[in-house]
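Chemist: the sequence isn't on hand, but the structure is:
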Ligand SMILES: [Zn+2]
Ligand SMILES: [Zn+2]
């Protein structure tokens, strides 16, 4: 089968023939139909985040289960599934308390880039085994993943749209709906309106946000933000200080909520600066691991909160099918975010288009 392999950070992906082992206990083989092109892949590809190489990247996959290993109970062959970026074991303290995105196994899967519970890798070229980013590696014709890394979705949902539910879109929706708990009338500013930010905007809108402000550097993204319900947009290139502009647009106060989804430390600082006393700032973006933030502790005496979230605190098995239903019912137009589709051979082109801000969200169709 063909897969997109990263041999060295900073180098292009190599699309080549590799071999795939059979699914073992609690694992499934998926024939991938579509994969979202997400900025998180890029963070590993450019070395901002560490990952053992060679590695098959890609994580927002959607496809059909072709084979299941011994002991698999949650899906069966011919089911349509979405591959889930954050693994959850279902048994640890955090899983038991209904917070599966904080699962203790998740970080191991992320750092080791292999199947959960240190179960190794299933992709190889001769005797060289390849890591699977997030225990997935879905920029490939097929992938073998743990059954808990896949969420069954309704068969009539288009794979090239609902693949986005595996990471970016659910992160954005979840950040607005679960992590921030936006209430009707709340003023909300979203810094960085790529896939995650636009989804956060949709989530805030669904939750009944009042004044909804989008901040970015790309007009194509800000235009979509307006289409999806932003009341005001700020192009950072057109203003001296985006924080001052947010305050101007909120009667001098600042917003109830700020969501950062650009993954840039300096922007996180701006997002925190944009909330009023008692406001909440949520960091959803993935910044380079060596970056740091600086705050005046006094600001916390003003009742300000800053909080983090991974994948919008969703409960994937509940939230993903629900979001898919909302999309199918026309209530969550996530397809508007997909500006271009690519073939697997064009995967490097797809990342270039993302880096250049030419696409809101690219999708690889396989
Ligand atoms: Zn767990
Ligand atoms: Zn992602």
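Modeler: Okay, I see it. For clarity, every value in this text was computed on a predicted model and none was experimentally measured. Numbering: from 1, shown residues only. Ligands and ions are numbered 1, 2, ... in the order given.
Chemist: can you tell me the residue of the stretch 151-300 of the chain closest to ligand 1?
Modeler: residue 151 (15.4 Å; C-beta to the ion). Just so you know, the C-beta spots here come from the backbone N, C-alpha and C atoms, and that holds for glycine as well.
Chemist: contacts for the lowest-mean-pLDDT helix or strand in the chain next, please.
Modeler: Using mean pLDDT, DSSP states H and E, helix 39-45 stands out as the lowest-scoring helix or strand of the chain, at a mean of 91. Contacts with helix 39-45, where a contact means C-beta atoms under 8 Å, 6 or more residues apart in numbering, come from 6, 9-10, 13, 48-51, 55, 57-59, 85, 133, 139, 167-168, 194-196, 263, 286, 288, 351, 354-355.
Chemist: swap in stretch 329-341?
Modeler: 158, 160-161, 164-165, 169, 173, 195, 198-199, 202, 206, 220, 224, 227-228, 323, 326-327, 350, 353, 358-365.
Chemist: and the end-to-end length of that stretch?
Modeler: 23 Å (C-alpha to C-alpha, to the nearest Å).
Chemist: repeat that for stretch 34-52.
Modeler: Start-to-end, stretch 34-52 (C-alpha to C-alpha) is 25 Å.
Chemist: ligand 1 contacts on the protein?
Modeler: Residues of the chain that fall close to ligand 1, judged by C-beta under 5 Å from the ion: 88-89, 92, 95, 103.
Chemist: among these, which are in strands?
Modeler: Among the residues of the chain next to ligand 1, none falls in strands (DSSP state E).
Chemist: nearest to ligand 2, of those residues?
Modeler: residue 88 (16.0 Å).
Chemist: so the closest one touches residue 95, yeah?
Modeler: Yes. Contact criterion C-beta atoms under 8 Å: residue 88 and residue 95 qualify, at 5.3 Å.
Chemist: residues shared between the contacts of these two?
Modeler: By C-beta under 8 Å, 6+ apart, the residues touching both residue 88 and residue 95 are residue 103.
Chemist: those two: which has the busier surroundings?
Modeler: residue 88 (25 against 20; other C-beta atoms under 10 Å).
Chemist: which residues touch the more buried one?
Modeler: Contacts for residue 88 (C-beta under 8 Å, 6+ apart) come out as 94-95, 100-101, 103, 105-106, 148, 316.
Chemist: wait, residue 198 sits on residue 172?
Modeler: Yes. Counting by C-beta under 8 Å, residue 198 sits close enough to residue 172 to count as a contact (6.7 Å).
Chemist: please pick the buried ones from the contacts of helix 39-45.
Modeler: 6, 9, 13, 48-49, 51, 55, 57-59, 85, 133, 139, 167-168, 194-196, 263, 286, 351, 354 (16 or more other C-beta atoms under 10 Å).
Chemist: now go through those residues and say which are in strands.
Modeler: 6, 55.
Chemist: returning to what we had before: and the residues of the chain next to ligand 1, which two are furthest apart?
Modeler: Across those, the longest distance by C-beta to C-beta is 8.2 Å; it joins 88 and 92.
Chemist: name the residues contacting each of those two.
Modeler: Joint contacts of residue 88 and residue 92 (C-beta under 8 Å, 6+ apart) are 103, 105.
Chemist: in a strand, that's where residue 200 is, yeah?
Modeler: No. Assigned with DSSP: H, G, I helix; E, B strand; the rest coil, residue 200 falls outside any strand and is helix.
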